[in-house]
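**Student:** Sharing a model that was predicted from the sequence below.
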Amino acid sequence: MLRQRFQDLVRDRTAMAGAALLGLMIALAVLAPLLGGDPYRVDPTITLRPPSASHWFGTDEKGRDLWTMVVHGARTSLAIGAVTTALAVVTGYVLGVACGYFRWVDAVVMRVVDGLMSFPSIVLVISLVGVLGDGVATMITGLTVVLIPMVTRVVRGAALAVKAMPMVESTRSLGSRTSWVLLRYVAPEALSVTIVQAALAFSVTVLSVAALSFLGIGLPPDVPSWGTSLSAAQQYFYSAWWIGVFPGLAIVTTVLGLVLLGDGLRDVFDPRSARK
Amino acid sequence: MHTTTEPLLRVSGLSARIGDLPLVQEVGFEVHRGRTLAVVGESGSGKSITAAAVMGILPPQITAEGSVFFDGTELLGEPAKRRRARGGAEIGYVFQEPMSALHPLLRIGTQMIRPLRHHLGLGRREARDQALELLEQVGLGRERKVLDAYVHELSGGMRQRVMIAMAISCRPRLLLADEPTTALDPTVQQQILGLLVRLREQLDLALVLISHDLGLVARHSDEVLVMYDGRVVEQGPTAQVVDRPEHPYTRALIDAAPRLGRRPDRLPTIDGAVLEQTRAMAGGAR
Amino acid sequence: MTNYLLKRLGALLPTVAVPMVLLFVMLRLAPGDPAAAIAGDSATTEEIAEVRGRLGLDASLWDQFLGWLGRVVRLDFGDSLFAELRVSGLVFEHAQVTVQLTVLALTVALLIGPFLGIAAGTRRHGLLDRVLVFGSSIGIAVPSFWLAVLLIAVFGVVWQVFPVAGYVPFSEDPVLFLHHLALPAISLGLVEAATLFRYSRAGVLDSLHQPFVTTARSMGLPERMVIRKYVFRAAVVPMVTVVGLTTGSLMGGAVVTESVFSVPGLGQLLLTAVQRRDYPVIEGCIFFIAVVYVLLNLLIDLLYSLLDPRIRY
């Protein structure tokens, strides 16, 4: 069945276009040290140079090569995105399955989830980072806290649906052990909706990291990041349009890739909600 | 009242398919004004597709070919706009599920009045009066309350009566009723079928009654057409088909309806429409 | 109705309580001494102790929580740590600007999104539909702050038709007010329009083949009328929820956009507070946004019952 779903996904051209965009960004991130120069090398003699053969994307206000900044920015974004998504998805999955199965867990967790879900996530992340102080670890913590409810709610829905299936109900009434029912039926079914949520969570993270570093929150200012570069563009756009364009294109490429791939994943793994 | 020279509707060689999958193959029949044709078959036999093809409301992915000759004109291949304009005015359609076939967010009156204004060019007030008239005609009485109600506030039988009132509102000559009683209680089923037949007589309609229940429609139809797997397997005068079925499938249908033949010719129908309506209005006030 | 409202308020309580408690806990879990961080590097021990006292961090955790709860319930967030100003006053003053910006951005989003959604939904698979669907995917991928930077570059710097920053109160000069908020509202609204577009298109596609729409067609009503009076009427109800969510995310997006355009709204207040770790102000901002959220949700419920006769409370 997994194989069939994978084949369906490969046949979806839009999803594959998304996967290609995302693959491109991942390649840039992984190969960044080979593709670009040293992102920390500042050269005051070549500030704000337009794109040329030696500097494909031009240079920024500190004389750093913008191409290098963009590929290393991809490294930063995707690394934080991957860690955050992994943490949020694993926690959300476990909580969601537990909520779908145990009523008392559900009662407690869902109140908290509802409270967090309906709050604008970016505001909450900003405030959490504000309280916890700057740093990559705080940013990941803040983003994870915000993303967990999203995953939990969807996984819970799937788990509840599985639990109500006649086959599972009869297994339970025949006295199967809870752990066995969870492992055999609930967990695998919930996994497929989790895959879709992972793509969504990843895109939210990339956008949030960009927004936070654009505002100068969370990441140290010398860490290469698309948001930080764009923030400088506000000042220099008129004389150096490239600072405002290339990092932005990098964000859009990544998020677009994730959104398209996510839509495709939803069609394949979560057809019920795909109709909406 | 009996067979005039020209049938109002003559369908011949009608086929419909979705992609390469045939849904209906080579269906043909005739209906005259003042007569009732019952189209019978289990779900998936193609009877609803046939009706939708006559009406011109097939989903876009289904294509139809053959001939639908209505009142001197070939309907298949007619421009979509012309075809659409015949709806309501020349052919009325009664759907299976009045609950979903009526708009949940618009008042009954609004839904009834729009076609009246569009086809008959009535003013707002005239259309409203006409709608009240129609409600009376289908046994609901001249009830303003019904016009102001929403579909969820009515009982199943009332909904279907409203649906029928709407279908006949713009004076069509042909009425297609697709499983008009399936969603209803057994007692209400008989009332609704009785109503359809009465209207057929009063308005000199040609009536096509689609059902999976041969036993139910046999009493109300002049001719019957039995469909199976997209094809016509048997057709003829109802009495003949019921008494001497030729096709094994028809026999099976008759066996599936043990009521047939054993039942008294006229069921003691209670004219419960008014009672039913009162009850539902009280219930609807919840 | 009253009963229902009370019940809903109860259900919405976590929206206010959870973020607030989270902030309370996080501040106390934060590595290092928040009081020292707030007081600054050059602060003396006495100054740090004073900050700790003002934050109430010197009491036991339980006492801290009770005291905090008491103050929150009385809507008393104290003073800003950096200015002798009540938090409530600060929040209220800045919130007005954010609400104005949100309303303008929502107007932009509502003028564009649903309209194009209906246009695309009724012409499914046509050229317009494809172009718009692709465009909306991009719209969802574009961060509003980048759009803001681009808009400033084009309309503010190159063509100079709109001011690049600042705010003029409506009461002072309505024209200048709109002039200043136009770019922020457009950059926020366009991004949300993409979301609204997707939902309204899906809503129309969903309604187009509902049985009651087929009925309207079978009655021979022209397609234009069927779409306007039957399809749209059905598609508009779920849109209310989406608009509610949109309004919420607009308020969130406003935080970022305001900083690009130097609009003195809640976002700017929050951002400054975060940068200076002005803890009471952060709390006040979060509380306000949460309360607006709850009220918004109640409003949506009421709208729902007005638009859908099947729902009665």
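**Tutor:** Thanks, I have the structure now. Bear in mind that the values here come from a model prediction, so they are computed numbers and not experimental data.
**Student:** Which residue ranges of chain C form helices?
**Tutor:** Assigned by DSSP state H, the helices in chain C fall at C:2-29, C:34-39, C:45-55, C:61-73, C:87-122, C:127-141, C:144-151, C:174-208, C:211-218, C:223-225, C:232-261, C:266-276, C:279-307.
**Student:** ok so B:E26 is a strand residue?
**Tutor:** Yes. Counting by DSSP: H, G, I helix; E, B strand; the rest coil, B:E26 falls inside a strand.
**Student:** what secondary structure does the closest residue to it other than its chain neighbours sit in?
**Tutor:** Spatial nearest neighbour of B:E26, chain neighbours left out: B:G13 (5.6 Å); criterion: CB to CB, 6 or more residues apart in numbering or on different chains. Quick note: C-beta positions are derived from backbone N, CA and C, even for glycine. Here B:G13 is strand, with the state taken from three-state DSSP.
**Student:** quick one: B:G13 and B:T181, what's the gap?
**Tutor:** Distance of B:G13 to B:T181, computed by CB to CB, to the nearest Å: 30 Å.
**Student:** circling back: confidence-wise, which of the helices of chain C is weakest overall?
**Tutor:** The minimum mean pLDDT among these belongs to helix C:34-39 (a mean of 77).
**Student:** Tell me the residues of chain C that contact chain B?
**Tutor:** Within chain C, the positions lying close to chain B (CB under 8 Å from any CB of the partner chain) are C:209-212, C:214-223, C:225, C:229-230, C:233-234, C:237, C:307-310.
**Student:** let's see 6 Å
**Tutor:** Counting by CB under 6 Å from any CB of the partner chain, chain C comes close to chain B at C:211-212, C:214-215, C:217-221, C:230, C:233, C:309-310.
**Student:** Can I get the buried part of those as one ChimeraX selection?
**Tutor:** A single ChimeraX command selects the buried members of these (16 or more other CB atoms under 10 Å in any protein chain shown):
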select /C:211,212,214,215,217,218,219,220,221,230,233,309
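**Student:** a markdown table for the residues of chain C next to chain B, including distance to chain A?
**Tutor:** Output for these, formatted as a markdown table (distance: CB to the nearest CB, whole Å):
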| residue | distance to chain A |
| --- | --- |
| C:P211 | 17 |
| C:F212 | 19 |
| C:T214 | 19 |
| C:T215 | 22 |
| C:R217 | 22 |
| C:S218 | 25 |
| C:M219 | 27 |
| C:G220 | 30 |
| C:L221 | 27 |
| C:Y230 | 20 |
| C:R233 | 19 |
| C:P309 | 23 |
| C:R310 | 20 |
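**Student:** Close to chain A: what parts of the stretch 201-313 of chain C are there?
**Tutor:** C:248-249, C:251-252, C:255-256, C:259, C:274, C:282, C:286, C:289, C:293.
**Student:** Report the separation between the residue in chain A sticking out farthest from the centre and A:M167.
**Tutor:** Distance from the C-alpha centroid of chain A, by CA atoms, centre = their mean, peaks at A:L174 (41.4 Å). A:L174 sits at a distance of 11 Å from A:M167 (criterion: CB to CB).
**Student:** what do you get for A:A19?
**Tutor:** A:A19 is 34 Å from A:M167, where distance means CB to CB.
**Student:** So for the two, which sits in the more crowded spot?
**Tutor:** Legend: neighbour count by other CB atoms under 10 Å in any protein chain shown for A:A19 and A:M167, higher for A:A19 (19 against 9).
**Student:** Pull the number of nearby residues for the nearest residue to A:L258 once chain neighbours are set aside.
**Tutor:** The spatial neighbour of A:L258 that comes closest, neighbours along the chain excluded (CB to CB, 6+ apart), is A:S203 at 3.9 Å. Residues near A:S203, counting by other CB under 10 Å, number 23.
**Student:** How about the one 3 residues further on?
**Tutor:** The number of residues packed around A:V206, counting by other CB under 10 Å, is 27.
**Student:** Same question for A:F102.
**Tutor:** A count of neighbours around A:F102, defined by other CB under 10 Å, yields 14.
**Student:** Name the helix or strand of chain A that has the lowest mean pLDDT.
**Tutor:** The weakest-scoring helix or strand in chain A, judged by mean pLDDT, DSSP states H and E, is helix A:271-274 (a mean of 62).
**Student:** ok, the residue nearest to B:E26 - contacts?
**Tutor:** Residues counted as contacts of B:G13 (CB atoms under 6 Å, 6 or more residues apart in numbering or on different chains) are B:26, B:66-67.
**Student:** Kindly recompute the last result at 8 Å.
**Tutor:** By CB atoms under 8 Å, 6 or more residues apart in numbering or on different chains, the contact set of B:G13 is B:26-28, B:65-67.
**Student:** Now render the residues you listed as a markdown table, adding neighbour count, distance to C:I112 and pLDDT.
**Tutor:** Converted to a markdown table, these look like this (neighbours: other CB atoms under 10 Å in any protein chain shown; distance: CB to CB, whole Å; pLDDT from 0 to 100):
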| residue | neighbour count | distance to C:I112 | pLDDT |
| --- | --- | --- | --- |
| B:E26 | 13 | 51 | 94 |
| B:V27 | 25 | 48 | 94 |
| B:G28 | 14 | 52 | 94 |
| B:E65 | 12 | 43 | 92 |
| B:G66 | 17 | 46 | 93 |
| B:S67 | 14 | 48 | 94 |
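**Student:** Surely C:L57 and C:G67 touch.
**Tutor:** No. Assessed by CB atoms under 8 Å, C:L57 is found out of contact with C:G67, at 11.0 Å.
**Student:** Of these two, which one has the most company?
**Tutor:** Comparing C:L57 with C:G67 by other CB under 10 Å, the one with more neighbours is C:L57, at 17 against 12.
**Student:** Excluding chain neighbours, what is closest to that one?
**Tutor:** The shortest distance from C:L57 to any residue other than its chain neighbours is 5.8 Å, reached at C:A35 (CB to CB, 6+ apart).
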